[in-house]
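> Here's my sequence, what's the structure:
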Amino acid sequence: MVQYGPPGGGAPRKQFFNFAVIRGIIYRQRWLVGAVIVLALVAGLLSVLMATPVYQSTAKVSVKPYGQFVVEGQDTDPGFNAVQIYDYLATQVEVIKSRSLAAAVVADLKLASRDDVLGKDIEKSRAPGMSDEKWQKAKEEMAISLLADSVVVDDPSRNWVLNIGFQSTSPTLAAEIANGYADAFVASGSRNSVENNRYAVEYLKAQIDETRQRLAEAEKVSNTYARNSGI
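Have a look, this model is predicted:
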């Protein structure tokens, strides 16, 4: 008689997992498994309901990569070419995330003196003997760090609009800070425009004075030539 078996005549290999046995265990303990699943769902639902809601507000700002250069001699190189336009936008994103812009927002909105930003118990963290001036400076630094770590800016890929977002447990505060960032960013661009316009005015004044001087010299030479020629 010919017998068929595993190659080499060895014993059948044992299975590490016997799904039939596992299925049987689950079936016999189905009520316990069901109770555990229900308890897990209830615990998850309660944790969601008891969690403090966080709101995010977003403000939009438009940027102009190419400035307006109106006079000869002014630096007309914006520092990038058309291919590098999104590198410029990425730089503006970093400007918004910077501590310097966060400091401007803190100063504009007076956030270092408000309990809704640093918390009602912030005074308890004041070091003994710290002067009012140093304590105010410390609160300003805390508020700046809070804003710089929390502000979110989308890096645009299809347009020149930056979305500035801020999250807070207060929807009013989230909107106020997001708008404050937009205002501070626009103000920084306005300051740059004012500097450019000041340069243009000073340049034009210099050109006018130089033209007047040349005209006066030309008129003087012309009068001298006329007298010598007897005209």
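> Could you pull out the strands in this structure for me?
Assigned by DSSP state E, the strands in the chain fall at 55-62, 152-154, 161-168.
> relative to strand 55-62, how tilted is the last one?
If I follow you right, that is strand 161-168. Orientation note: strand 161-168 sits at an angle of 160 degrees relative to strand 55-62 (axes from the mean of the first three to the mean of the last three CA atoms, to 10 degrees).
> could we number from 384 for the rest of this?
Sounds good: first residue 384 from here, last item strand 544-551.
> Partner strands of strand 544-551, with direction?
Here strand 544-551 has these sheet partners by DSSP bridges: strand 438-445 (antiparallel), strand 535-537 (antiparallel).
> In a markdown table, list the strands of the chain along with mean pLDDT and mean neighbour count.
(Each C-beta comes from the backbone N, C-alpha and C, glycine too.) Formatted as a markdown table, the strands of the chain follow (pLDDT from 0 to 100; neighbours: other CB atoms under 10 Å):
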| stretch | mean pLDDT | mean neighbour count |
| --- | --- | --- |
| strand 438-445 | 88 | 15 |
| strand 535-537 | 89 | 16 |
| strand 544-551 | 90 | 19 |
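> can the ones you listed go into a markdown table with extra columns for distance to residue 498?
Formatted as a markdown table, the strands of the chain follow (distance: least, CB to CB, whole Å):
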| stretch | distance to residue 498 |
| --- | --- |
| strand 438-445 | 18 |
| strand 535-537 | 24 |
| strand 544-551 | 13 |
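> among those strands, which is nearest residue 477?
For those, proximity to residue 477 was assessed by CB to CB; strand 535-537 is nearest, at 8.6 Å.
> residues in contact with that closest one?
For strand 535-537, contacts defined as CB atoms under 8 Å, 6 or more residues apart in numbering pick out 439, 476, 479-480, 545-550.
> and of the strands of the chain, who's closest to residue 566?
strand 438-445 (8.6 Å).
> dump the residue contacts of residue 484.
478, 564, 567-568, 571.
> cool, residue 438 as well?
550-554, 557.
> at 7 Å instead, please
550-551, 554, 557 (CB atoms under 7 Å, 6 or more residues apart in numbering).
> which parts of stretch 520-540 are buried?
521-523, 525-527, 529-531, 534, 536, 539 (16 or more other CB atoms under 10 Å).
> okay, those residues in CSV with distance to residue 492 next?
Shown next, in CSV, are the buried residues of stretch 520-540 (distance: CB to CB, whole Å):
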residue, distance to residue 492
521, 18
522, 13
523, 12
525, 14
526, 9
527, 12
529, 12
530, 10
531, 14
534, 13
536, 18
539, 26
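> now, which of those lie within helices?
Among the buried residues of stretch 520-540, the ones falling in helices (DSSP state H) are 521-523, 525-527, 529-531.
> which one of those is nearest residue 416?
Residue 416 lies nearest to residue 529 out of those, by CB to CB, at 45.4 Å.
> What distance do you get for the closest one to residue 438?
As defined by CB to CB, to the nearest Å, residue 529 lies at a distance of 16 Å from residue 438.
> beta partners for the residue nearest to residue 476 when sequence neighbours are not counted?
Once flanking residues are discounted, residue 476 sits nearest to residue 536: 4.7 Å by CB to CB, 6 or more residues apart in numbering. Applying DSSP bridges to residue 536 gives these bridge partners: residue 547.
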